[in-house]
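Undergrad: One predicted model, sequence on top.
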There are 2 protein chains.
Amino acid sequence: MKWCRFSAGGETSFGLIDGDTVRKATGAPWGPHDLTAQTFALRDVKLEIPVVPSTFFCVGVNYKDHVERMAARRNTKPSYPPRPDIGYRANNALIAHGENIVKPRDASDQFQYEGELVAVFGKRCRNVSPAQALDCVFGWTIGNDVSERTWQANDRTLWRAKNCDTFKPMGPWIVTGADIDAMVTTIRLNGRVTETFRTNNMIFDAPTYISEVSKYCTIEPGDVMWMGTDGIPENMTPGDVCEIEISGIGVLRNPVVME
Amino acid sequence: MKWCRFSAGGETSFGLIDGDTVRKATGAPWGPHDLTAQTFALRDVKLEIPVVPSTFFCVGVNYKDHVERMAARRNTKPSYPPRPDIGYRANNALIAHGENIVKPRDASDQFQYEGELVAVFGKRCRNVSPAQALDCVFGWTIGNDVSERTWQANDRTLWRAKNCDTFKPMGPWIVTGADIDAMVTTIRLNGRVTETFRTNNMIFDAPTYISEVSKYCTIEPGDVMWMGTDGIPENMTPGDVCEIEISGIGVLRNPVVME
C-alpha cells in the first residue's frame, strides 16, 4: 500500500493512494484511523512530508564504497564505523517532494545531495532483536540528506551542514510491504544519472540498526530512521533539479534555488 | 507567570500555577488558549515535561570554567568553542520532574548530571538579531543533560551517551519574565551541593545562540534550547537523588535507579 500526507481544501490529512487517486483517512495509518469517502486526484493535492517525527534518527556512514571513495577524495585512510552509532537530524529542515531546496547565501560550492532509504516506524519499539525489528517498521520512504561539506568539515556539530531549513527533503509517500533487498537507488541531477547503488548494500542493515538503537532508546510510531547513502555525491547549484529514485517506492524530486 | 504541563483525571493539559493551585488551560500558553474554571491542588497533579519540542536544540560546551576543568581532568589543553555551534538531543530521552533517571545495565561509573538553563520558545524565529532574540523566548525551565562519559568519549555520535531513555529530565515548569542575569544554578546530589555557578556566565549567551541558529534554522513555538552547564559533574549511582535548582525558576528533582 502507498500512504501519503497531503493538503487539500485547507486541511492536511493522511491518505491512501490508489493509482491516480488519494482517499482521505481520519488518522495516521499506523494508528487508529478510518478511510473516508472523500477522494482527490493525486495531481490536485499538495503532497506534504509523509510524517513529522518525534525523534528523527539518521545513520551517518553506512556504505563501504562511500567510505572508501570519500576517503580517497580527501586523501585519507578509509575509516569504517565499528558499530551502529545512530545520529540525528532536525525537523526544521524537513521539506516535501516538489518543494525547493534553498542554498544559503554563505554556503560553499560543496553543496551536495545524499539519497537515502527511510524507515517509518509504526509500532513502539524497545529492546527488539534484529529478527523482530522490521515488524516495527510501517513502511519506507525516501530522504535527501542535503549537506554543506565545508561546514561539515569545520563546525563542531552537523547543525548547519545538515540541518538548515530545507536541507531534508522527505517523500513523496510511504510504501508498505516493500522488499528492501530488491531496491535500487538512482540519483539524478537534471535528469542525468550521477549514482546508482543497491539500496540494501549497507554496512549495518536496517534490522541491525533498529535493534541496536532499541537497546537504549524507545522508537515511537511516526519516528523515522534515515539509512545513509552510497557513492560520491556531486555538487548541486541553484537551478538544478535533484531526484532520488528508489525502485519499489518512487521518486523524490526537489529543485534547488538560491537564498 | 509559572506554567506547567500536567496530568489529572486521565487528561494532559497546560496549566497556570498560582501558589499551590494549577488552573487548567485549553491550549499551549504561547498559542491560542483560554484559562478554564477547573483548578487542582499542585500536589495532586502529575507534572509532565513542560513541552514536547519539535526540534530539541542543545548547546554542547558553553562555560569557560567547565572547559578548563574538564581539560585539566583529561590532561588535555582547554579547547574553547570558536563559534556558537548548536547540537541536538532526542525526545525519547525526555522525562518529567520526579521521574526516574534509569542507569543502563552496561553504563560505566562515569554516569553524570549536567544542570542547564532551558529556553522555551513562544514565537517562530528566523533571522533575528541578538537584540530581538529574547522576544522569541516564552519562558525558562531547567534541564539535566545526563551523560555517560565512556560512550561520549568513544562512540562516533552522542546518541546513547546523551539520549538513552530517561537521560533528559526537564521541568518542573516554565517561568516567564525571569531575569536570567540574576539566576544562580545549584546542583545537589542527595542534598549535598556539588556545584554552584552564575547561570548566565556563558561563553555565548542565549541571545547570541538564538540569533546565530536563526540565521539557518527556523525555531518553532514549543522548541527548546538547552544552554550548557558549568563546573565538573560528579558520578551518580542508583539510589541517588539529583536536584538542579535555578533561582527564579525552581528545582528539578529526579531519583536515579538501575535498569
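TA: Done, it's in.
Undergrad: so residue A:162, which of the three states?
TA: Put simply, residue A:162 is helix when judged by DSSP: H, G, I helix; E, B strand; the rest coil.
Undergrad: And residue A:43, its phi and psi?
TA: Per-residue torsions, residue A:43: phi -70, psi -20 (degrees, to the nearest 10).
Undergrad: can you tell me the helix or strand for residue A:30?
TA: Of the helices and strands defined by DSSP states H and E, none includes residue A:30.
Undergrad: What is the neighbour count of the spatially closest residue to residue A:26 that is not a sequence neighbour?
TA: Residue nearest to residue A:26 in three dimensions, not counting chain neighbours: residue A:34, with 4.7 Å by CB to CB, 6 or more residues apart in numbering or on different chains. (Each C-beta comes from the backbone N, C-alpha and C, glycine too.) Look at residue A:34: counted by other CB atoms under 10 Å in any protein chain shown, it has 8 neighbours.
Undergrad: Kindly report the same for residue A:49.
TA: By other CB under 10 Å, neighbour count at residue A:49 equals 22.
Undergrad: Strand partners (parallel or antiparallel) of the helix or strand hosting residue A:57?
TA: Here residue A:57 sits within strand A:56-59, counting by DSSP H and E. Strand A:56-59 has the following sheet partners, assigned by DSSP bridges: strand A:86-88 (antiparallel), strand A:224-226 (parallel).
Undergrad: for the record, mean pLDDT for that strand?
TA: Averaged across strand A:56-59, pLDDT comes to 96.
Undergrad: What parts of the stretch 151-259 of chain A come near chain B?
TA: Residues of the stretch 151-259 of chain A lying near chain B by CB under 8 Å from any CB of the partner chain: A:155-157, A:159-160, A:163-165, A:213, A:216-220.
Undergrad: can you do 6 Å?
TA: A:155-157, A:159-160, A:164-165, A:216-218 (CB under 6 Å from any CB of the partner chain).
Undergrad: which phi and psi does residue A:13 have?
TA: Torsion angles, degrees, to the nearest 10, at residue A:13: phi -140, psi 170.
Undergrad: need the contact list for it.
TA: Shown in contact with residue A:13 (CB atoms under 6 Å, 6 or more residues apart in numbering or on different chains): residue A:24.
Undergrad: circling back to that earlier point, go ahead and confirm the residue nearest to residue A:26 touches residue A:24.
TA: No. Judged on CB atoms under 6 Å, residue A:34 makes no contact with residue A:24 at a distance of 9.6 Å.
Undergrad: With mean pLDDT, mean neighbour count and distance to residue B:56 as extra columns, can I get the strands paired with strand A:56-59 in JSON lines?
TA: As requested, the strands paired with strand A:56-59 are exported to JSON lines (pLDDT from 0 to 100; neighbours: other CB atoms under 10 Å in any protein chain shown; distance: least, CB to CB, whole Å):
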{"stretch": "strand A:86-88", "mean pLDDT": "95", "mean neighbour count": "22", "distance to residue B:56": "9"}
{"stretch": "strand A:224-226", "mean pLDDT": "98", "mean neighbour count": "26", "distance to residue B:56": "15"}
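Undergrad: Quick one, which of those strands gets closest to residue B:5.
TA: strand A:86-88 (23.3 Å; CB to CB).
Undergrad: Run through who's touching the next helix or strand after that closest one.
TA: For strand A:86-88, the following helix or strand on the C-terminal side (DSSP H and E) is strand A:94-95. If you take CB under 6 Å, 6+ apart as the criterion, strand A:94-95 is touched by A:49, A:166, A:168-170.
Undergrad: Send me stretch A:78-87 as PDB with only the CA atoms.
TA: Presented in PDB, the C-alpha positions along stretch A:78-87 are these (Å, rounded to 0.1, in the frame of the first residue of the first chain):
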ATOM      1  CA  PRO A  78      39.000   4.800   4.900                       C
ATOM      2  CA  SER A  79      37.500   4.600   8.400                       C
ATOM      3  CA  TYR A  80      34.600   2.100   8.700                       C
ATOM      4  CA  PRO A  81      32.100   2.600  11.500                       C
ATOM      5  CA  PRO A  82      32.900  -0.100  14.100                       C
ATOM      6  CA  ARG A  83      29.400  -0.300  15.300                       C
ATOM      7  CA  PRO A  84      25.900   1.100  14.500                       C
ATOM      8  CA  ASP A  85      26.100   4.600  16.100                       C
ATOM      9  CA  ILE A  86      23.000   6.500  15.200                       C
ATOM     10  CA  GLY A  87      22.800  10.300  14.700                       C
END
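Undergrad: Please, where are all the strands along the stretch 151-259 of chain A?
TA: Assigned by DSSP state E, counting those that start in this stretch, the stretch 151-259 of chain A shows strands spanning A:168-175, A:184-189, A:192-198, A:224-226, A:241-246, A:250-258.
Undergrad: so which of those strands gets nearest residue B:42?
TA: strand A:224-226 (37.3 Å).
Undergrad: what about chain A, any weak spots by pLDDT?
TA: Within chain A, no stretch has pLDDT under 70.
Undergrad: any idea which element the residue of it positioned farthest from its centre lies in?
TA: Residue farthest from the centre of chain A, counting by CA atoms, centre = their mean, is residue A:37 at 30.4 Å. Assigned by DSSP H and E, residue A:37 belongs to strand A:35-41.
Undergrad: in its sheet, what does that strand sit against?
TA: For strand A:35-41, pairing defined by DSSP bridges yields strand A:21-25 (antiparallel).
Undergrad: in the strand it pairs with, what's buried?
TA: Across strand A:21-25, burial judged by 16 or more other CB atoms under 10 Å in any protein chain shown covers A:22-25.
Undergrad: Just send those residues back as JSON lines, with distance to residue B:13 too.
TA: Formatted as JSON lines, the buried residues of strand A:21-25 follow (distance: CB to CB, whole Å):
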{"residue": "A:22", "distance to residue B:13": "34"}
{"residue": "A:23", "distance to residue B:13": "34"}
{"residue": "A:24", "distance to residue B:13": "29"}
{"residue": "A:25", "distance to residue B:13": "27"}
